[in-house]
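Novice: what would the 3D arrangement of this be:
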Amino acid sequence: MKSTAATRPLAAGMAAVAAAGIVAGALLETGLPAPASQWAFMMIALLPPALGWLIAARRPDNAYGWLLLAAADCLGLGGLGIGLLVRLGPDPYWPIVVGAVLSSAIPVFYGLSWVFVPLLFPDGRLPSRRWRVVAVAGVAAIVAHWLGVLFMPGAYPDEVVHANPLGLRGPLGLVAVLLASAGQLAAFLLALVVLSGLLIRLWRGDPAERGRLGWMVAGLLANLGAFVVVMVAGTSEPYGAADVVGVLGVVGALPAAIGAAVLRHDLLDIRVGVRGSRLYLVFDVRPTVDELLSRLGPDLEEAEPVEQLGRLAEAVRAGLDVRWAAVELADGTRVVAGEERGDAVLTVPAGLGHISCGPRAAGRLTRDDRRLLAALAVPVGLAIRSAALAARLVNAQEAERRRIERNIHDGVQQQLVALIAGLELARATGGGAESLALLREQARQALADLRDLAAGIHPSVLSQGGLVEAVEGRCSGLPVATTVTADPALRTRRFPDEIEGAMYFVVSEAIANALKHAGASRIEVRLWHDAGRLQASVIDDGAGFDPREVPRRGLATLADRMAALGGGLETTAGPGEGTRVRAWVTAND
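Specialist: Numbers count the residues shown, from 1 in each chain. So this is what the prediction gives:
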């Protein structure tokens with residue numbers, strides 16, 4: 001979805017050009033004080049730029065807003081040109097030329113209003129591919145009408161007192177007149193074709209669609225009828241009430257129909273309602289993805305991963321105005337915002353899970369809704385990954401706690417129980433030196449096992465001597481040839497405890513796998529710091545394995561631990577090719 005930050009100035013500029021042209025042209029045409037009919041014209045004529053700006057600024061990817069702005073600009077510039085032609089005399093020449101060029105935009109306004117505004121209603125897209133022929137014909141009719149008006153001789157419009165300074169003479173002038181007439185007639189006939197298509201869609205559509213299309217049918221009928229009134233009334237003098245009604249209908253019928261459809265059916269993501277006990281309208285424009293994430297940003301930073309999913313689900317529900325929205329992880333974890341009733345009407349993938357949503361509170365989900373949900377799937381997917389990572393870390397911590405508990409129960413605890421029993425027996429029987437020596441050996445063994453157990457949790461040498469010394473200590477008593485290579489500067493350099501601990505356990509787990517599973521006869525360990533990264537690698541010459549078929553076991557937990565620190569872990573292996581484990585984490589201090 002396009003960013004609204006870049007398109008809002010453009011939409012505001014187009015609306016301002018249209019509004020300025022409408023007001024200036026109307027006042028130039030009649031002068032001040034302007035009659036009431038001219039003020040009514042200005043108020044109604046400002047509806048298209050207002051609607052176009054509202055839609056284009058808030059939904060830049062919806063072509064309908066830009067279409068309304070283009071039609072409004074043609075009306076505004078054309079009106080300004082007519083005002084210049086009415087107010088100025090035949091001299092000076094160039095201002096009259098400018099007025100003639102600007103006034104030729106009025107035929108473009110007619111063509112856009114008759115053909116494309118109703119044809120592309122309400123989402124800025126053709127109803128189907130077969131309407132492409134009508135769209136192409138509409139463009140041709142508009143161009144023909146515009147060129148004909150630009151170069152035909154005589155005055156345009158009729159109230160202008162001097163001839164068109166760009167008008168052609170002779171046969172070419174006749175061609176221009178015929179071109180203008182043919183273009184206008186073709187655009188009017190195409191409007192009837194579009195009207196027929198709207199009536200067919202109205203007849204075949206569901207109740208919600210009929211409600212929306214009904215307003216456009218009424219608006220187009222009023223517009224075309226008003227144009228006929230203007231053409232008929234224009235043959236009589238003086239300028240009367242029929243002319244005023246006709247002009248107001250041509251300018252305001254379609255914007256009024258669009259506005260009514262918005263009010264009644266929440267079209268184009270613009271919702272109008274009544275709040276409180278006072279009767280007033282509140283335009284509640286659906287926020288964009290950027291706006292939703294900007295509002296959610298502070299809350300998401302402070303929330304836990306699962307809570308993030310809940311807030312994102314609520315953002316989806318509110319952003320799409322659906323009755324419920326759910327975010328579901330691959331493991332079945334499901335977070336729902338709203339009251340879930342019935343089946344989901346739309347589901348999109350999001351990272352390791354997916355987003356589902358129920359029906360809208362009013363109307364049906366549009367293409368814009370689907371694009372919005374697809375865009376929201378990106379941050380939702382990241383939150384799902386974070387939640388899955390957090391769950392894996394929690395599970396890993398729980399598994400590690402149980403492993404330690406099991407080792408204590410099955411190992412040191414049993415040894416201490418046996419030692420206590422031996423002491424009780426020695427006291428009861430008056431054990432001699434041989435018995436005490438045995439008990440002393442049992443106590444030493446229990447102490448050694450307890451130290452080994454503690455080393456598996458967090459070796460004291462890691463806290464005291466640093467990463468290099470701890471890794472060298474781990475490798476010193478191995479039953480296979482092991483070499484440890486480290487940058488000299490690392491021996492005196494310290495890193496945060498969580499970083500040193502993660503790197504130490506990666507090395508320890510890789511060594512354990514090489515000894516237990518790979519049958520290695522040589523292990524190489526390397527530690528280094530480069531480009532702001534602390535890195536470690538463990539390479540063995542063992543049997544290797546196929547990473548696609550064999551799970552990483554303990555390394556998976558360590559990979560999650562590295563990822564949580566902003567680092568990573570990769571394993572390279574192949575049957576008969578040994579194994580290489582490399583871990584890295586950002587560590588500047």
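Novice: from here on, just use CA atoms for contacts and neighbour counts.
Specialist: Noted.
Novice: V316 and S476, how far apart?
Specialist: Distance, V316 to S476, using CA to CA, to the nearest Å: 56 Å.
Novice: and those two? Which one has more around it.
Specialist: A direct count of neighbours by other CA atoms under 10 Å for V316 and S476 places V316 higher, at 27 against 14.
Novice: tell me what the helix or strand where the more buried one lies is packed against?
Specialist: Assigned by DSSP states H and E, V316 belongs to helix 305-320. With contacts defined as 3 or more CA pairs under 8 Å, 6 or more residues apart in numbering; DSSP states H and E, helix 305-320 has these neighbours: helix 289-302, strand 324-328, strand 334-338, helix 367-407.
Novice: mean pLDDT lowest where, among these?
Specialist: For the helices and strands packed on helix 305-320, mean pLDDT drops lowest on helix 289-302, to a mean of 59.
Novice: so E340 sits in a helix?
Specialist: No: assignment of E340 by DSSP: H, G, I helix; E, B strand; the rest coil gives coil, placing it outside any helix.
Novice: buried stuff in whichever strand or helix holds A510?
Specialist: A510 is part of helix 497-513, with elements assigned from DSSP H and E. Using 16 or more other CA atoms under 10 Å as the test for burial, helix 497-513 gives 499-511, 513.
Novice: cool, and stretch 123-133?
Specialist: Those would be 123-124, 126-127, for stretch 123-133 by 16+ other CA under 10 Å.
Novice: can you give me the separation between T586 and R201?
Specialist: Taking CA to CA, one finds T586 at 60 Å from R201.
Novice: ignore what I typed, I meant D560.
Specialist: In terms of CA to CA, D560 sits 55 Å off from R201.
Novice: for the two, indicate the residue with more neighbours.
Specialist: Between D560 and R201, D560 has the larger neighbour count (other CA under 10 Å), namely 19 against 16.
Novice: per-residue pLDDT of that one, please?
Specialist: At D560, pLDDT is 73.
Novice: helix or strand for it, which one?
Specialist: If you go by DSSP H and E, D560 is part of helix 554-564.
Novice: tell me which residue is most central in this structure.
Specialist: The chain has A375 as the residue nearest its centroid, 2.9 Å off, counting by CA atoms, centre = their mean.
Novice: now for this protein, the helix or strand with the poorest mean pLDDT.
Specialist: Least confident helix or strand of the chain, by mean pLDDT, DSSP states H and E, is strand 281-285 with a mean of 48.
Novice: ok, A176 to S104 distance?
Specialist: Going from A176 to S104 by CA to CA gives 13 Å.
Novice: need the overlap of contacts for those two.
Specialist: V149 (CA atoms under 8 Å, 6 or more residues apart in numbering).
Novice: where's L119 relative to G544, distance?
Specialist: 66 Å.
Novice: looking at these two, which is more packed in?
Specialist: Legend: neighbour count by other CA under 10 Å for L119 and G544, higher for L119 (25 against 21).
Novice: now do that one against V217, distance only.
Specialist: 11 Å.
Novice: can you check W131 too?
Specialist: 17 Å.
Novice: show me where the stretch 451-589 of the chain has its strands.
Specialist: Along the stretch 451-589 of the chain, the stretches classed as strands by DSSP state E, counting those that start in this stretch are 481-486, 522-530, 533-540, 568-573, 579-586.
Novice: out of those strands, which gets nearest to R8?
Specialist: Closest to R8 of the strands of the stretch 451-589 of the chain, according to CA to CA: strand 579-586, at 40.0 Å.
Novice: which outside residues touch that closest one?
Specialist: With CA under 8 Å, 6+ apart as the criterion, strand 579-586 contacts 499, 503, 506, 510, 514, 532-542, 544-545, 562, 565-573.
Novice: run the last query once more with 6 Å
Specialist: Applying CA atoms under 6 Å, 6 or more residues apart in numbering, the contact partners of strand 579-586 are 532-540, 544, 567-573.
Novice: starting from that strand, tell me which strands it pairs with and how they run.
Specialist: Strand 579-586 pairs in its sheet with strand 533-540 (antiparallel), strand 568-573 (antiparallel), by DSSP bridges.
Novice: what angle separates the helix holding A510 from strand 568-573?
Specialist: 10 degrees (axes from the mean of the first three to the mean of the last three CA atoms, to 10 degrees).
Novice: touching helix 497-513 from outside, list them.
Specialist: Defining contact as CA under 6 Å, 6+ apart, one finds that helix 497-513 is touched by L467.
Novice: how close does Q38 sit to G466?
Specialist: Q38 is 86 Å from G466, where distance means CA to CA.
Novice: same deal with L372?
Specialist: To G466, L372 is 50 Å away according to CA to CA.
Novice: more neighbours, the two?
Specialist: For L372 versus G466, the count of surrounding residues by other CA under 10 Å is larger for G466: 21 against 18.
Novice: all helices for the stretch 51-200 of the chain, in order.
Specialist: With DSSP state H, counting those that start in this stretch as the criterion, the stretch 51-200 of the chain has helices at 63-87, 93-103, 105-111, 117-119, 132-151, 171-204.
Novice: which other helices and strands contact the third one?
Specialist: Which is helix 105-111. Other helices and strands packing on helix 105-111, by 3 or more CA pairs under 6 Å, 6 or more residues apart in numbering; DSSP states H and E, are helix 63-87, helix 132-151.
Novice: is A573 in a bridge, and if so with what?
Specialist: Bridge pairing for A573 - DSSP bridges - gives T579.
Novice: just send the buried residues of stretch 123-133 back as TSV, with distance to V193 and pLDDT too.
Specialist: Converted to TSV, those look like this (distance: CA to CA, whole Å; pLDDT from 0 to 100):
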residue	distance to V193	pLDDT
D123	19	78
G124	18	83
L126	14	89
P127	13	87
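Novice: N588 reaches G532, doesn't it?
Specialist: Yes: checked against CA atoms under 6 Å, the pair N588 and G532 is within contact range at 5.0 Å.
Novice: show residues contacting stretch 99-109.
Specialist: 71, 74-75, 77-78, 81-82, 84-85, 142, 146, 149-150.
Novice: with stretch 476-486 instead?
Specialist: Applying CA under 6 Å, 6+ apart, the external contacts of stretch 476-486 come out as 521-528.
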